[in-house]
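J.: please find the sequence and the predicted model below.
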Amino acid sequence: MRTIVAQSLPGTQATIRFADGLPSMEPTPGNLSLLAAIDKTSRNMGIGPVGMDDPATRGAGDISDIAHYLDCLDGLGASGAGAHRAGETINLKQFPLLIMRAAILMSRLSREQR
C-alpha cells in the first residue's frame, strides 16, 4: 500500500497512515442486559448458554464503533476457524438456529418497555 501511495500521479500527492483498530466492546450495563436476554433466549431454545469473553482477550467487531452510543452485542454468528484469513471456514449448519434465536430475541426486545 505504501508503494502504491508513493507512486502518485503527476500533479497529485497522497499519504497513508495506519492506526490501531477498534477497541473491544466494553461490558456496559446495557450490553450486559442484552447478553442476559440472548442467554435466556438461547437457553429457552435448548441451544445452551451464551457467555461473555474477557474484553482484553478478544477482538473487536464493527459494532464497537458505536458501542458507546447504544446497547449492542457482537459475536453471535456461526462458529468457524481462521477468521479473515485464507482458508477461513464457517459452520453453515448453525444458521437456521442462529437466525431463529435472533428473531426470537428481537421479538422479545420489541415487547419490552425501555
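T.: Ah, there it is. Bear in mind that the values here come from a model prediction, so they are computed numbers and not experimental data.
J.: what's the closest non-adjacent residue to residue 95?
T.: In space, and not counting its chain neighbours, residue 95 is closest to residue 78: 6.1 Å by CB to CB, 6 or more residues apart in numbering. Glycine gets a C-beta too; all of them are placed from N, C-alpha and C.
J.: how about the strands of this protein, start to end?
T.: 80-81, 89-90 (DSSP state E).
J.: what strands flank the first one, and is each parallel or antiparallel?
T.: Think strand 80-81. strand 89-90 (antiparallel) (DSSP bridges).
J.: gap between the strand it pairs with and the chain center?
T.: With CA atoms, centre = their mean, to the nearest Å as the basis, strand 89-90 stands 16 Å off its chain's centre.
J.: contacts for that strand, please.
T.: Applying CB atoms under 8 Å, 6 or more residues apart in numbering, the set of residues contacting strand 89-90 from outside is 77, 78, 79, 80, 81, 82.
J.: in JSON lines: those residues, plus neighbour count, distance to residue 39 and pLDDT.
T.: Below are the contacts of strand 89-90 laid out as JSON lines (neighbours: other CB atoms under 10 Å; distance: CB to CB, whole Å; pLDDT from 0 to 100):
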{"residue": "77", "neighbour count": "13", "distance to residue 39": "16", "pLDDT": "83"}
{"residue": "78", "neighbour count": "13", "distance to residue 39": "18", "pLDDT": "85"}
{"residue": "79", "neighbour count": "9", "distance to residue 39": "17", "pLDDT": "87"}
{"residue": "80", "neighbour count": "12", "distance to residue 39": "21", "pLDDT": "89"}
{"residue": "81", "neighbour count": "10", "distance to residue 39": "24", "pLDDT": "89"}
{"residue": "82", "neighbour count": "10", "distance to residue 39": "27", "pLDDT": "86"}
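J.: hmm, back to that, let me have the strands of the chain in CSV, extended by distance to residue 103.
T.: Listed next are the strands of the chain as CSV, based on distance: least, CB to CB, whole Å:
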stretch, distance to residue 103
strand 80-81, 22
strand 89-90, 20
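J.: could you list the low-pLDDT ranges of the protein?
T.: 20-22, 58-60, 113-114 (pLDDT under 70).
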